[in-house]
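Novice: Sequence isn't available, so here's the structure alone:
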């Protein structure tokens with residue numbers, strides 16, 4: 001073989017790996033139209049998932065951690081002495097027989113809480129606690145808690161309004177909270193403030209319920225039909241409502257930038273307390289009355305959640321949201337586990353159709369658990385961030401005072417309901433709507449009102465982060481009025497901007513003890529709510545099914561959308577996708593172990609050939625499915641190339657085939673060349689021998705003399 005032949009063979013060998021590289025190494029056709037591909041090592045069925053062990057834990061009193069010895073008494077009461085304020089929880093509705101049992105013991109019922117099958121009886125001697133626990137139907141004796149109020153940039157920072165940093169906000173999607181009623185449960189609201197004027201649709205004074213206010217006594221009590229309009233004697237309530245729903249209007253009619261998240265939402269004013277728990281003429285020196293007032297206010301909301309308020313359009317009937325910027329301290333070590341009656345009443349409100357937004361607390365990173373209210377298993381608990389007085393969210397940090405999670409384990413075996421708080425929002429140095437209070441320039445009790453007030457002073461606390469989220473909830477409700485409170489909560493969690501590393505990745509890959517599932521994003525939440533409504537997926541949405549996007553890669557002639565899914569109460573049957581609202585198709589899955597544990601995510605893939613998609617953007621929608629329910633969808637935008645100049649390039653599989661044929665052809669050519677070179681050398685050698693022989697014959701011939709012509 002000569003040098004040319006050797007060169008040809010070497011070139012052929014060098015082209016072999018090149019031919020392999022032009023083909024997609026991890027994708028082959030999955031369907032007949034060539035659009036959907038499957039990667040090497042992937043499968044077409046999801047892995048088997050282990051069943052959860054906490055789906056039916058039994059009645060709450062059989063597993064609560066607040067009663068470690070299961071004797072029906074909160075642990076903090078076991079060693080108490082002297083007078084204590086207590087409530088009793090029953091195993092069902094409170095009966096007349098139950099009431100007579102208490103009367104025979106000399107105890108009056110101060111308040112009956114129908115939502116949680118409980119009564120508040122106030123002051124008893126600690127020695128009676130064990131006797132009370134033995135009464136028919138009583139499943140728990142618990143101690144009253146103490147109420148604590150958790151005391152311009154905020155609205156654009158949660159992406160409700162637009163801004164230079166975030167040019168499109170939730171308001172640009174056509175929502176502002178119109179037709180949504182917020183039960184601001186606080187120290188009362190001075191809705192005469194120019195930024196809150198016209199918002200009042202109903203009110204109730206739970207402070208008057210305990211009849212310690214002389215004005216209340218002289219009036220013979222206050223109305224329970226929603227017609228009473230409470231005033232604010234503290235400033236806290238007016239400030240919170242402003243952060244949720246202020247219009248930014250000033251006393252002179254001019255427009256300021258001090259908007260709430262939902263400037264067109266309306267007010268149901270439920271007053272539970274003011275200065276140090278009371279107004280100027282009220283005496284809440286007794287912890288008992290403060291607690292009873294708060295619980296009464298919450299029960300009133302649940303009882304009147306569907307009422308048609310007098311003089312109000314039907315669109316503003318009922319109550320949609322409870323906003324709580326306060327908590328109830330727990331007497332138990334490690335805080336509340338969510339089974340006390342003040343946590344359970346919030347759970348009941350959520351199940352009854354009223355979304356609850358409540359503050360996480362201001363005890364900082366070393367807090368000993370969370371208080372009641374903050375510890376509710378179902379409500380939306382809000383931590384506070386410090387936005388550093390900028391709209392841009394990239395520099396936001398968790399506020400130093402914000403209480404951290406998780407909540408105390410309640411013993412039901414479900415690790416998920418300990419993941420509190422759920423969300424975070426700006427709560428530091430927030431401008432306030434100014435109420436007409438004793439510390440200001442006017443006084444409600446001396447005939448003044450807040451109609452000439454503006455937005456002055458700043459405050460901080462999870463108290464002020466909470467109404468920002470309350471306003472976002474109002475926007476979501478306006479966007480899709482058929483969502484349940486738990487569906488709203490799930491939308492807020494999934495659309496939140498992730499912050500911090502996961503604190504318990506074996507339970508949830510996203511929850512962080514500081515930020516929860518992230519910083520609330522009003523725009524993303526409203527967009528998701530609208531999508532669910534427009535695609536008729538609200539009724540079938542199952543909040544226990546989790547589905548999240550991990551990455552989207554568009555390279556080497558393929559589009560790869562990858563995510564993961566899992567079930568919180570059961571298994572995921574399949575993950576499916578559709579393009580531009582078309583037919584649903586099942587995704588492919590990464591090869592997993594034969595069986596994975598409960599709460600273990602598994603990966604899914606949507607691999608597409610962009611040349612099979614029309615040129616331009618396309619929406620990929622992916623959801624996890626179990627039975628008749630499905631998760632929130634993952635939405636991603638991809639770009640097709642069909643009909644574009646790039647279509648003149650050969651598809652990857654064809655390139656691969658051409659490459660293989662070329663290598664075979666080149667190798668064959670080399671072999672032919674090798675053979676041809678040998679034959680030519682042989683022929684030339686023969687020609688040379690024949691030529692030499694002819695020359696010799698010529699040299700040996702005789703020379704014939706030339707003859708003259710005739």
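Specialist: Yes, it's here. Predicted, not measured: the structure shown is a model, and the values here were computed from it.
Novice: Run through the strands of the stretch 501-650 of the chain in chain order.
Specialist: 545-555, 558-567, 574-579, 585-586, 588-590, 595-596, 602-608, 616-626, 629-630, 634-640 (DSSP state E, counting those that start in this stretch).
Novice: Which of those strands comes out lowest on mean pLDDT?
Specialist: When those are ranked by mean pLDDT, strand 595-596 comes last with a mean of 90.
Novice: name the helices or strands packed onto it?
Specialist: On a contact count with 3 or more Cβ pairs under 8 Å, 6 or more residues apart in numbering; DSSP states H and E, strand 595-596 meets strand 48-49. Bear in mind the C-beta positions are built from the backbone N, C-alpha and C, glycine included.
Novice: Let me know the next secondary structure element after the strand it packs on.
Specialist: Using DSSP states H and E, the next helix or strand after strand 48-49 towards the C-terminus is strand 83-90.
Novice: Mind listing residues that contact the helix or strand following that following strand?
Specialist: Reading on from strand 83-90 to the C-terminus, the next helix or strand found by DSSP H and E is helix 96-104. By Cβ atoms under 8 Å, 6 or more residues apart in numbering, the residues outside helix 96-104 that reach it are 88, 90, 108, 109, 119, 121, 135, 136, 137, 138.
Novice: By neighbours, which of the residues you listed wins?
Specialist: residue 88 (26 neighbours; other Cβ atoms under 10 Å).
Novice: Break this structure down into its domains, please.
Specialist: 1-14+650-686, 31-54+545-648, 73-143, 147-524 (automatic domain parsing).
Novice: Please identify the most buried of these.
Specialist: domain 147-524 (a mean of 22; mean count of other Cβ atoms under 10 Å).
Novice: what about it, start to end distance?
Specialist: Terminal residues of domain 147-524 are spaced 34 Å apart (Cα to Cα, to the nearest Å).
Novice: chain center to it, what's the gap?
Specialist: Centroid separation for domain 147-524 versus its chain: 18 Å, with Cα atoms, centre = their mean, to the nearest Å.
Novice: quick revisit: put together CSV for the contacts of helix 96-104, with distance to residue 404 and secondary structure on each row.
Specialist: Listed next are the contacts of helix 96-104 as CSV, based on distance: Cβ to Cβ, whole Å; DSSP: H, G, I helix; E, B strand; the rest coil:
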residue, distance to residue 404, secondary structure
88, 32, strand
90, 34, strand
108, 40, coil
109, 38, coil
119, 34, strand
121, 35, strand
135, 39, coil
136, 41, coil
137, 38, coil
138, 35, strand
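Novice: hang on, the earlier thing: nearest to residue 533, out of the domains of the chain?
Specialist: Of all the domains of the chain, domain 147-524 sits nearest to residue 533, with 4.1 Å by Cβ to Cβ.
Novice: Run through the stretch 301-450 of the chain and note the low-pLDDT ranges.
Specialist: Applying pLDDT under 70 to the stretch 301-450 of the chain flags residues 438-441.
Novice: those helices in it, which residues are they?
Specialist: All helices of the stretch 301-450 of the chain, identified by DSSP state H, counting those that start in this stretch, fall at 341-351.
Novice: Pull the contacting residues for residue 114.
Specialist: Contacts of residue 114 by Cβ under 8 Å, 6+ apart are 93, 94, 299, 303.
Novice: try 10 Å this time
Specialist: 93, 94, 299, 302, 303, 345, 348 (Cβ atoms under 10 Å, 6 or more residues apart in numbering).
Novice: Check residue 393 too.
Specialist: Contacts of residue 393 (Cβ under 10 Å, 6+ apart): 156-159, 165-166, 385, 387, 426, 497, 499, 519, 521.
Novice: circling back: using a markdown table, lay out the domains of the chain together with distance to residue 61.
Specialist: Shown next, in a markdown table, are the domains of the chain (distance: least, Cβ to Cβ, whole Å):
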| stretch | distance to residue 61 |
| --- | --- |
| domain 1-14+650-686 | 63 |
| domain 31-54+545-648 | 16 |
| domain 73-143 | 4 |
| domain 147-524 | 8 |
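Novice: Which one of those lies nearest to residue 539?
Specialist: domain 147-524 (7.3 Å).
Novice: before we move on, the earlier item: can you put the contacts of residue 114 in JSON lines and add distance to residue 195?
Specialist: Below are the contacts of residue 114 laid out as JSON lines (distance: Cβ to Cβ, whole Å):
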{"residue": "93", "distance to residue 195": "43"}
{"residue": "94", "distance to residue 195": "43"}
{"residue": "299", "distance to residue 195": "30"}
{"residue": "302", "distance to residue 195": "29"}
{"residue": "303", "distance to residue 195": "30"}
{"residue": "345", "distance to residue 195": "31"}
{"residue": "348", "distance to residue 195": "33"}
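Novice: out of these, which one sits closest to residue 421?
Specialist: Nearest to residue 421, judged by Cβ to Cβ, of the contacts of residue 114 is residue 345 at 18.9 Å.
Novice: For residue 176, find the nearest of the strands of the stretch 501-650 of the chain.
Specialist: strand 634-640 (23.7 Å).
Novice: where's the closest one relative to the chain centroid, distance-wise?
Specialist: Using Cα atoms, centre = their mean, the offset of strand 634-640 from its chain centre is 21 Å.
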